[in-house]
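Chemist: following is a predicted model, sequence given first.
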Amino acid sequence: MAKTILIVDDSASIRQVVKIALTGAGYEVVEAVDGMDALKKLDGRKINLVISDVNMPNLDGIGFVKQLKQKSGYQFTPVIMLTTESEAEKMRQGKEAGAKAWVVKPFQPAQMLAAVTKLIQP
Amino acid sequence: MLNPNPSPSTHEQAASGALHLALCRFAPPLLALLFAGVHVYGGGSVALAGGAMVLGILIAFALDRTAAPQQAATRSLYPAPAAASGSPPAQPAAAETVGLDELCKKVLPLWSRHLEMVRAQTEDAVTDLAGRFQGLTQRVGKAMEASSQAAGEASGGEGLMATLERSRGRLNGVLSALRSSVESRHKVLEDMSRLSELTDALQTMAAEVGEIAARTNLLALNASIEAARAGEAGRGFAVVADEVRKLSTQSGQTGQRIRETVDGVSQTISQTLSLAHTYAEADQAGVAAAETGVGEVLSDFHGAGDALARSATILREENSGIGDELAGVIVQLQFQDRVGQILTHVLQDIAKLEDMLSRHASDGSSPAFDLRAWMDALASTYSTAEQHAAHRGGQGAAAKSAPTDITFF
């Protein structure tokens, strides 16, 4: 059964390109436009991995990951932060919130897939 | 810092001067950010370049309208494009003179709308573009897969090469059956040849029968002579001798009939053998022709199969190349996000300026700015390295495109 990945980004184009890279490798993709939307989209469904932007309206990526980690069933869901931010302080916040990896946009599809494979449970 | 005590009579001029100075200070980094956005996007977005140009024109226009003589140096840094002269408010006869703050109240929302429009249009276009690229790649992939299957390249698939091999096996079976049939006829021919030899022996035996009959006849004749010489006593023997002579004559006739019959049989066998040899040769030639024909047909099919396999290999290589190209496209399309963020930050700063002007207009106070605080606040919104670089006065570093910067925690 295909693994499901939740993509959280306010940019439709980024959601689209991430989706292209992941569906091409056989993953199912669920999209959310910000942190609040992502929390709604969880809806108890099995999510194998989350790829989230940092700067988003309503609820940003760091805040979303913090809340995700409080939710039953998602404490151990690995999270990749996908952002233009590369400052050490932001990365530290991401790590503290519970993210497993920090990817600076733009990403190479093959390298993103390698990171996903590394983090997703077989 | 920005004319803190303007006299009431010169209030409007002072406010305009402060605004003008603010514009002069803020416009360069804003413009640099916008052009940095265009730069990182690789010139791929006409809409974005157009948006940056609109902003450039409007800023240049504002500078020209308010304090052109004093700010020649600034203009030279950000020259107004030729199109600026065609901007609507450039007709002195119909001009409605307003202060810079009034102008900004009208112009800033316009800039914001234009920039937001550019950002939204580019976002929509790039999203659509990405979807279309994916569609193209999927279609090409399906074509490649179909071609690979046809050439027997698909793993586990029943391809042309497998069909050819199976056909070769079946045709070889047919050829074997034909060869076996020809060999069976050869065996019949050999048997018939042996039969022909037997008829020769029968002829000899028939000749021998004739010879025995002749000699018996001669013997019977001698016996008749001897019986005659014996007179009365030999009369009975003469009858026997005569009967023997008759039998020998009949034997001779039987031998003759045997010879004639065997001759007939021999002739028939000889004709049959000749015909059988002719047929056997024709069969042999037929089998040879069948072998050659089958070999040529299989060779032709193999040639076609090889060509298909080569084409499948080329298609597979091309598919891989297209995959690489798509990966490159995916990387480049992500610059829309970087550019969108830069535009959003510029929009936020314009909105902030607009808001400040509105507040000052409502309470009648003169706008004054803490330049450092403003610049720091602007810098705090940046999310990309090239924005920081642009803020420091550069044109923005060319954004990286490879390899991906990944940090695992």
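Modeler: Looks like it came in fine. Numbering: from 1, shown residues only, chains lettered A, B, ... in the order given.

Chemist: low-confidence ranges in the chain?
Modeler: Going with chain A. By pLDDT under 70, the weakly predicted segments of chain A are A:121-122.

Chemist: ah, I was thinking of chain B
Modeler: Judged against pLDDT under 70, the low-scoring parts of chain B cover residues B:1-94, B:148, B:150-159, B:367, B:394-404.

Chemist: what's the spacing between B:S251 and B:Q203?
Modeler: The gap separating B:S251 from B:Q203 is 17 Å, by Cβ to Cβ, to the nearest Å. Backbone N, C-alpha and C define where each C-beta goes, glycine included.

Chemist: so who does the residue with the shortest distance to the centre of chain A touch?
Modeler: Centroid-nearest residue in chain A: A:I51, 1.4 Å away (criterion: Cα atoms, centre = their mean). Under the criterion of Cβ atoms under 8 Å, 6 or more residues apart in numbering or on different chains, the contact list for A:I51 reads A:I5, A:L6, A:I7, A:V8, A:D9, A:V18, A:V79, A:I80, A:L82, A:V116.

Chemist: next, the buried residues of whatever helix or strand it lives in.
Modeler: Counting by DSSP states H and E, the element that carries A:I51 is strand A:49-52. For strand A:49-52, burial by neighbour count (16 or more other Cβ atoms under 10 Å in any protein chain shown) applies to A:L49, A:V50, A:I51, A:S52.

Chemist: repeat that for stretch B:305-314.
Modeler: Judged by neighbour count using 16+ other Cβ under 10 Å, the buried positions of stretch B:305-314 are B:G305, B:L308, B:A309, B:A312.

Chemist: need the three-state assignment for B:I406.
Modeler: Classification of B:I406 by DSSP: H, G, I helix; E, B strand; the rest coil places it in strand.

Chemist: quick one: B:E145 from A:V50, how far?
Modeler: Going from B:E145 to A:V50 by Cβ to Cβ gives 32 Å.

Chemist: an error on my part: the question was meant for B:A389.
Modeler: Taken as Cβ to Cβ, the spacing of B:A389 relative to A:V50 amounts to 31 Å.

Chemist: stretch B:314-327 near chain A anywhere?
Modeler: Yes. Stretch B:314-327 lies in contact with chain A when judged by Cβ under 8 Å from any Cβ of the partner chain; the contacting residues are B:L326, B:A327.

Chemist: could you pull out the buried residues of that stretch?
Modeler: Neighbour counts using 16+ other Cβ under 10 Å place B:L315, B:R316, B:N319, B:I322, B:G323, B:L326, B:A327 of stretch B:314-327 among the buried residues.

Chemist: now A:K118: which helix or strand?
Modeler: Residue-wise, A:K118 maps onto helix A:109-119 under DSSP H and E.

Chemist: residues touching that helix, excluding its own?
Modeler: With contact meaning Cβ under 8 Å, 6+ apart, helix A:109-119 is reached by A:5, A:18, A:20-22, A:24-25, A:27, A:49, A:51, A:78, A:80, A:82, A:100-101, A:103, B:326-327, B:330-331, B:403-404, B:406, B:408.

Chemist: hmm, back to that, among the buried residues of stretch B:305-314, find me the one that's closest to chain A.
Modeler: Of all the buried residues of stretch B:305-314, B:A312 has the smallest distance to chain A: 20.9 Å, by Cβ to the nearest Cβ.

Chemist: wait, does stretch A:26-46 make contact with chain B?
Modeler: No. Applying Cβ under 8 Å from any Cβ, one finds that stretch A:26-46 is not in contact with chain B, the shortest distance being 11.6 Å.

Chemist: what about that stretch, how long is it end to end?
Modeler: 16 Å (Cα to Cα, to the nearest Å).

Chemist: pretty sure A:F107 is in a helix, no?
Modeler: No. Using three-state DSSP, the secondary structure at A:F107 is coil, not a helix.

Chemist: does it touch B:L333 like I think?
Modeler: No. Because the distance of 11.1 Å does not satisfy Cβ atoms under 8 Å, A:F107 is recorded as not touching B:L333.

Chemist: who has more neighbours out of those two?
Modeler: More neighbours surround A:F107 than the other of A:F107 and B:L333, with 26 against 22 (other Cβ atoms under 10 Å in any protein chain shown).

Chemist: contacts only, for the more buried one.
Modeler: The contact partners of A:F107, taken as Cβ under 8 Å, 6+ apart, are A:A21, A:L82, B:V331, B:Q334, B:T404, B:I406.

Chemist: only the buried subset of those residues, as a ChimeraX command please.
Modeler: What follows is the ChimeraX syntax selecting those of the contacts of A:F107 that are buried according to 16+ other Cβ under 10 Å:
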select /A:21,82 /B:331,334,404,406
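
Chemist: about what we covered before: in a markdown table: the buried residues of stretch B:305-314, plus distance to chain A and secondary structure.
Modeler: Formatted as a markdown table, these follow (distance: Cβ to the nearest Cβ, whole Å; DSSP: H, G, I helix; E, B strand; the rest coil):
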| residue | distance to chain A | secondary structure |
| --- | --- | --- |
| B:G305 | 31 | helix |
| B:L308 | 26 | helix |
| B:A309 | 26 | helix |
| B:A312 | 21 | helix |
